[in-house]
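1. Next one to model:
(one chain, ligands or ions: 1)
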Amino acid sequence: MEMKKVFLPEREIPRQWYNIQADMPTPMQPPLHPETKKPIAPEDLAPIFPMNLIEQEVSTQRWIDIPEEVLEKYLIWRPSPLQRAIALEKYLGTPAKIYFKNESVSPAGSHKPNTAIAQAYYNKIFGIKRLTTETGAGQWGCALSLACSLFGLECKIYMVKVSYNQKPYRQLLMKTWGGNCVASPSSDTAYGRKVLAEDPDCTGSLGIAISEAVEDAVTSENTRYSLGSVLNHVMMHQTIIGLEAQKQMEMINEYPDVVIGCVGGGSNFAGLSFPYVRDKIYGKEIRIIAVEPAACPTLTRGPFAYDFGDTAAMTPLLPMFTLGHNFLPEPIHAGGLRYHGVSPLISQLVLDELIESQSYNQVQTYEAGLIFARTEGIICAPETNHAIAAVIEEAKKAKEEGVARTILFNLSGHGMLDLTGYDSFLEGKLTEYSLPDEEIKKAIKVLESYPKPEIVTKK
Ligand SMILES: Cc1ncc(COP(=O)(O)O)c(C=O)c1O
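-> Prediction:
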């Protein structure tokens, strides 16, 4: 019988996160103040985030110790298993070996608690009593509710309305962990009320929900905002995934030729891939592929520009690939991938050609998800299915070329609460939509008046 799972003993859990800013060939360009458009100082972020996390955001220290209290909570489900998709390999008749990190085993069902727990901890020791956030598909809101309950903080979640209506059980999970979840746009904030006055039927977007959560944080006492993706410290907290994977692959004398992950804001992809990007920077031959929806093709078709992280233009301007902060993606089922921008760290690594990007339409991703569910048994989140579509394509290519490649991907979450999407696919209701060029041109017009980042690359 072939080996199916690799478990890392608890005592071997990585004790430091990896900060890729220490090794990037091209240094990051600074975020800009939303009003002055000048580089922001750490103090400018203090009304939004606690200073200990701001310090991590700007740190260039290679390794950052994971606090004991955070490790203790990680041990609830970590180290997560490294698994081999043998039945999928057989189904595809590929000589490729397919491995995945199973992040769906966390209590919230995804990779998101890796940073939620860290953020709740740092806020708690900074004296913060309440956190606000946004959530798309509901995975992040669940993760933060869980983390806040573990550290005794209050939690308010603005959930994108289209997902709020599609995923009632996610709301119930948040409530069970003690979180207060409302549909965004909501009447709880001035910005939400403004959006509703202009369009009472607005289905919401991550950008709008972020604006509401930030407004709530800066106008409420003892409250800070928590972001589940995009920012540097979030990417760093997620590197526990890739650091564990490296140890587990070493235990079976394997090293991947290709690393794949889906990308919304970029955190699960960064988490698995950044330790491998480091290897690549120092000379390893490895392909690293970021996969996104054809309905929201930020990395594959957006420009690299300074843009706001939210729709109300309250956050700093970040240097990133973006479709413009007013862009409202189609309500595809992969709610967590409906974001106009992407992590500045990933953006720079794409410019440096250390990371490749690909996109798939919704039908292709559900086809892949269904094959995975019917071979490996796991029903994945619609976001994860994007990674699986790319994995299947790579495995087929290996077959055509007759090469026994090793593929590693991130199974970022399960889809047990996302079954309406599977139902729509099985009923033939989904279309092969990709965002038309004219829509992109319209959406990125807003960027024209902003300062332009330099396009610096060390190819
Ligand atoms: C299961 C799952 N995968 C991926 C994502 C995309 O986010 P990120 O790019 O930050 O990993 C989400 C976001 O909600 C998610 O829930």
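
2. Count the neighbours of the closest residue to Ile444 other than its chain neighbours for me.
-> The shortest distance from Ile444 to any residue other than its chain neighbours is 4.7 Å, reached at Gly324 (C-beta to C-beta, 6 or more residues apart in numbering). (Glycine included, C-beta is placed from N, CA and C.) By the criterion of other C-beta atoms under 10 Å, Gly324 has 23 neighbours.

3. how far away is Gly324 from Ile288?
-> Applying C-beta to C-beta, to the nearest Å, one obtains 26 Å for the distance of Gly324 from Ile288.

4. Next, count neighbours for Ala398.
-> Burial of Ala398 is recorded as 23 neighbouring residues (other C-beta under 10 Å).

5. meant to ask about Met314, not that
-> Using other C-beta under 10 Å, Met314 has 17 neighbouring residues.

6. three-state assignment of it?
-> Three states are possible here, and by DSSP: H, G, I helix; E, B strand; the rest coil the one that applies to Met314 is coil.

7. show me what contacts it?
-> 34, 211, 214-215, 308 (C-beta atoms under 8 Å, 6 or more residues apart in numbering).

8. Up against the ligand, what does the stretch 101-250 of the chain have?
-> By C-beta under 6 Å from any ligand atom, the residues of the stretch 101-250 of the chain that approach the ligand are 110, 136-137, 139-140, 229.

9. hang on, the earlier thing: quick check: the gap between the residue nearest to Ile444 and Leu146.
-> As it turns out, when the distance is counted by C-beta to C-beta, Gly324 lies 33 Å from Leu146.

10. Domain parsing of the chain, as residue ranges.
-> Here the chain is described, according to automatic domain parsing, as comprising the domains 5-12+71-109+233-449, 17-63+112-230.

11. If you average the pLDDT over the last one, what comes out?
-> When pLDDT is averaged along domain 17-63+112-230, the result is 95.

12. Just the terminal-to-terminal distance for it.
-> The first and final residues of domain 17-63+112-230 sit 17 Å from each other (C-alpha to C-alpha, to the nearest Å).

13. Stretch 293-301 now?
-> Taking C-alpha to C-alpha as the measure, stretch 293-301 stretches 11 Å from start to finish.

14. related to what we said a few turns ago, including secondary structure, could the residues of the stretch 101-250 of the chain next to the ligand go into CSV?
-> Converted to CSV, these look like this (three-state DSSP):
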residue, secondary structure
Ser110, strand
Gly136, coil
Ala137, coil
Gln139, helix
Trp140, helix
Ser229, coil
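
15. closest to Met28 among those?
-> Ranking these by separation from Met28, with C-beta to C-beta as the measure, puts Ser229 on top at 16.7 Å.

16. How about the closest one: what's its closest non-neighbour residue?
-> Distance criterion C-beta to C-beta, 6+ apart; nearest residue to Ser229, sequence neighbours excluded, is Gly265 at 2.7 Å.

17. Relative to the ligand, how far out is the one you found?
-> Remark: distance between Gly265 and the ligand (C-beta to the nearest ligand atom, to the nearest Å) = 4 Å.

18. Provide a complete list of residue ranges assigned to helices in the stretch 151-300 of the chain.
-> Along the stretch 151-300 of the chain, the segments classed as helices by DSSP state H, counting those that start in this stretch run 161-166, 168-176, 190-198, 206-219, 232-238, 240-251, 267-281, 298-301.

19. Show me how far stretch 84-91 is from its chain's centre.
-> Relative to the centre of its chain, stretch 84-91 is centred 26 Å away, using C-alpha atoms, centre = their mean, to the nearest Å.

20. Which of the three states applies to Asn114?
-> helix.

21. if I pick the nearest residue to Ala209 once chain neighbours are set aside, what's in contact with it?
-> In this structure, Ala209 finds its nearest non-sequential neighbour in Glu134, 3.3 Å apart by C-beta to C-beta, 6+ apart. Each residue near Glu134 by C-beta under 8 Å, 6+ apart is listed here: 140-141, 157-160, 184, 206, 209-210, 212-213.

22. Tell me the one among those nearest to Val277.
-> Proximity to Val277 was ranked across these by C-beta to C-beta; first place goes to Trp140, at 23.4 Å.

23. can you redo the helices of the stretch 151-300 of the chain as JSON lines with mean neighbour count?
-> Below are those laid out as JSON lines (neighbours: other C-beta atoms under 10 Å):
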{"stretch": "helix 161-166", "mean neighbour count": "22"}
{"stretch": "helix 168-176", "mean neighbour count": "18"}
{"stretch": "helix 190-198", "mean neighbour count": "16"}
{"stretch": "helix 206-219", "mean neighbour count": "25"}
{"stretch": "helix 232-238", "mean neighbour count": "26"}
{"stretch": "helix 240-251", "mean neighbour count": "22"}
{"stretch": "helix 267-281", "mean neighbour count": "26"}
{"stretch": "helix 298-301", "mean neighbour count": "22"}
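
24. Next SSE downstream of the helix ranked longest in the chain?
-> Criterion DSSP state H: the longest helix present in the chain is helix 382-401. For helix 382-401, the following helix or strand on the C-terminal side (DSSP states H and E) is strand 406-411.

25. Run the angle between that following strand and helix 240-251 for me.
-> 150 degrees (axes from the mean of the first three to the mean of the last three C-alpha atoms, to 10 degrees).

26. what sits up against strand 406-411?
-> Under the criterion C-beta under 8 Å, 6+ apart, residues 83, 96-104, 111, 241, 245, 249, 254-262, 268-269, 271-272, 378, 380, 384, 387-388, 390-391, 394-395, 398 lie in contact with strand 406-411.

27. of those residues, buried ones?
-> Taking 16 or more other C-beta atoms under 10 Å as the criterion, what is buried in those is 83, 96-104, 111, 241, 245, 249, 256-262, 268-269, 271-272, 378, 380, 384, 387-388, 390-391, 394-395, 398.

28. returning to that earlier point: determine which two of the contacts of Glu134 are furthest apart.
-> Trp140 and Glu212 (14.4 Å).

29. what sits up against the helix or strand harbouring Val70?
-> Using DSSP H and E, Val70 maps to helix 68-74. By C-beta under 8 Å, 6+ apart, the list of residues contacting helix 68-74 from outside reads 13, 15, 66, 114, 117-118, 121, 147, 150, 240.

30. which one among those residues gets closest to Gly179?
-> Using C-beta to C-beta, the shortest approach to Gly179 within the contacts of helix 68-74 belongs to Ala147, at 9.9 Å.

31. Isn't the closest one up against Ile117?
-> Yes. Under the contact definition of C-beta atoms under 8 Å, Ala147 touches Ile117, with a separation of 4.6 Å.
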